[in-house]
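Student: A predicted structure for the sequence below; I have some questions about it.
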Amino acid sequence: MSPRHSAFLWLAQRVSALVLAFCVLVHLITMIIVVQGGLTAAEILARTQGSIPWLLFYSLFVIAVAIHAPIGLRHIAREHLKLGSGVEVIVSLFGLLLLILGSRAIWGVFS
Amino acid sequence: MTNGSYALKARSHPSYVAFILHRVSGLLLAAFLPLHFLALSQALHGEAALDSFLSWADNPMVKIAEVGLVLMLALHLGCGLRVMALEALGWTSWQKSMVAIAFGGSLVAGTFFLLRVF
Amino acid sequence: MSKLKVSVWRSAGSGAQEYFDVPRKENQTILDVVTYIQRNLDPTLSYRYACRVGMCGSCAMSVNGKARWTCRTHVDKVCDSDALDLRPLENFPVVKDLVCDMQTFFDKQKKAGGAFLGAHTREDSVALIKPDSSGRMAVDEAIECIGCGVCYASCDVVKWKPDYLGPAALNRTWTLVKDERDTRRLDRLRAVSGDAGCHSCHSQMSCTQRCPKLLSPTHSISGLKREVSRAALKGEL
């Protein structure tokens, strides 16, 4: 991996981490509030359906995590599984998977 | 003492423990996320489908697992902030306080969730 | 006088721990213990030291599982009981007994861009660096490294990724990156950016925990991460 590539990968993980720090805080607080008295689909959907702010928030959340998680998994794969060159492909596919499943989930609760 | 217990003792300092928790929580969250997204996608099949999933998620075992996940999320956040404070601001002398804040904060979040989910 | 039960790594054959009884004394250092064994119990024991006063960085070994400089480590400080476990430094190949091969360790300092290159010739006057300039202040601790290898032996990233340059080499490069006389800043930043370089450090901080000179390689590596990022964003890398 070139020095440039490596530097940008590191930066991408830190910038996505900052975004996630904000998103996770909002997510934790939201969960603690909504979980009281049990979760129902109606309750979740009432909050999210047709709500542009929640759509934007969850989109940002999913994009950030689809960048952040694969870079972290790349370190784990290289350090503990001793994977070499194939690891980029595997973790990129995982990022893509998160992006697709995440988008489906957002669309599910928005539409 | 055996070699293994020496190795463990050599790593029993706050920053190393924070690293382990950061890594394990990150791995668990990465494994959980696809399932989380799949569950929410049930809403695509209508409210009833999502509700049938949520009623399954109502059993105590799942709830305990959920509390664990909230704890992992808060821990990963706390440990991540430790790393970034260290890298961006060079807060080496703050290390122990940062680790304590990360652990304390995630325990508070986990407890809150625990109290409200049951 | 009580006795210490000292277990020492012997590399003969496939290697094993060998036990020695050593009389315990006041103000005894680990190096005193090893020297006692070599002079009185088994002259074939190999270990390494030179200055005995914490300057040369040659006597480091693993003491009860932790890498330490042995000349300035008192037995009282590391022994809860009368058991002492001595092994060669981890993450280094062993030459014999407690002597390890430092070749890779120093090669990595070269690889990380650890050799200074200034613009002055011998005809020029000595460069004056203000003690309170920001570059000099940033490396005030880091330049005190004695190259003992304790940080390298304590780092798990080195263990997991044998190519990783390690705390000492990256710390050395940090001192040159901040050196106003230096002429190879970007080459050095390129050398430390990548899977073998600063981006592999996860701030486990065992290096900082163990450094006998109380330096913080973690701090130096964080500085490199910031400098590399700045250079990458400016398109200089």
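Tutor: Now that the structure is in, tell me what you want to look at.
Student: residues in contact with the most centrally placed residue in chain C?
Tutor: With distances taken as C-alpha atoms, centre = their mean, chain C has C:Gly149 as the residue nearest its mean C-alpha position (2.5 Å). Each residue near C:Gly149 by C-beta atoms under 8 Å, 6 or more residues apart in numbering or on different chains is listed here: C:Gly57, C:Ala60, C:Ala67, C:Leu89, C:Phe92, C:Cys100, C:Met102, C:Phe105, C:Ala168. (Glycine included, C-beta is placed from N, CA and C.)
Student: for B:Leu33, which non-adjacent residue is closest in space?
Tutor: Leaving aside its sequence neighbours, B:Leu33 sits nearest to A:Leu98 (C-beta to C-beta, 6 or more residues apart in numbering or on different chains; 6.1 Å).
Student: next up, phi/psi of the one you found, please.
Tutor: phi -60, psi -40 (degrees, to the nearest 10).
Student: the lengthiest helix in chain C and chain A in contact?
Tutor: In chain C, assigned by DSSP state H, the helix with the most residues is helix C:217-233. Yes. With C-beta under 8 Å from any C-beta of the partner chain as the criterion, chain A is reached by helix C:217-233 at C:Lys225, C:Val228, C:Ser229, C:Ala231, C:Ala232, C:Leu233.
Student: average pLDDT for that helix?
Tutor: If you average the pLDDT over helix C:217-233, you get 96.
Student: next, find the distance separating the residue sitting nearest the centre point of chain B from A:Leu101.
Tutor: Closest to where the C-alpha atoms of chain B average out (C-alpha atoms, centre = their mean) is B:Met72, at 0.8 Å. Between B:Met72 and A:Leu101 the computed distance is 19 Å (C-beta to C-beta, to the nearest Å).
Student: ok, C:Asp132 next?
Tutor: Taken as C-beta to C-beta, the span from C:Asp132 to A:Leu101 is 55 Å.
Student: per-domain residue ranges of chain C.
Tutor: Domain assignment for chain C by automatic domain parsing gives C:3-100, C:103-233.
Student: what's the closest non-adjacent residue to C:His120?
Tutor: C:Ala127 (6.1 Å).
Student: so who does that neighbour touch?
Tutor: C:Gly118, C:His120, C:Glu180, C:Arg181.
Student: picking that back up, let's have the contacts of C:Gly149 in TSV, adding distance to A:Ile106 and neighbour count.
Tutor: Shown next, in TSV, are these (distance: C-beta to C-beta, whole Å; neighbours: other C-beta atoms under 10 Å in any protein chain shown):
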residue	distance to A:Ile106	neighbour count
C:Gly57	56	20
C:Ala60	55	30
C:Ala67	50	28
C:Leu89	52	23
C:Phe92	51	22
C:Cys100	55	23
C:Met102	55	20
C:Phe105	50	22
C:Ala168	47	30
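Student: which of those residues fall within helices?
Tutor: C:Phe105, C:Ala168.
Student: got the phi/psi numbers for the residue nearest to C:His120?
Tutor: The phi/psi pair for C:Ala127 (degrees, to the nearest 10) is phi -70, psi 140.
Student: do C:Gln28 as well
Tutor: Phi and psi for C:Gln28, reported as degrees, to the nearest 10, are phi -80, psi 130.
Student: near it, how many other residues are there?
Tutor: C:Gln28 has 17 neighbouring residues, counting by other C-beta atoms under 10 Å in any protein chain shown.
Student: just C:Asn40 next, same as before
Tutor: 11.
Student: how about the one 10 residues further on?
Tutor: As a burial measure, C:Ala50 scores 11 neighbours (other C-beta under 10 Å).
Student: chain neighbours aside, what residue packs nearest to it?
Tutor: Residue nearest to C:Ala50 in three dimensions, not counting chain neighbours: C:Cys56, with 4.4 Å by C-beta to C-beta, 6+ apart.
Student: now do the contacts for B:Val83.
Tutor: Counting by C-beta under 8 Å, 6+ apart, B:Val83 has contacts B:His22, C:His202, C:Ser203.
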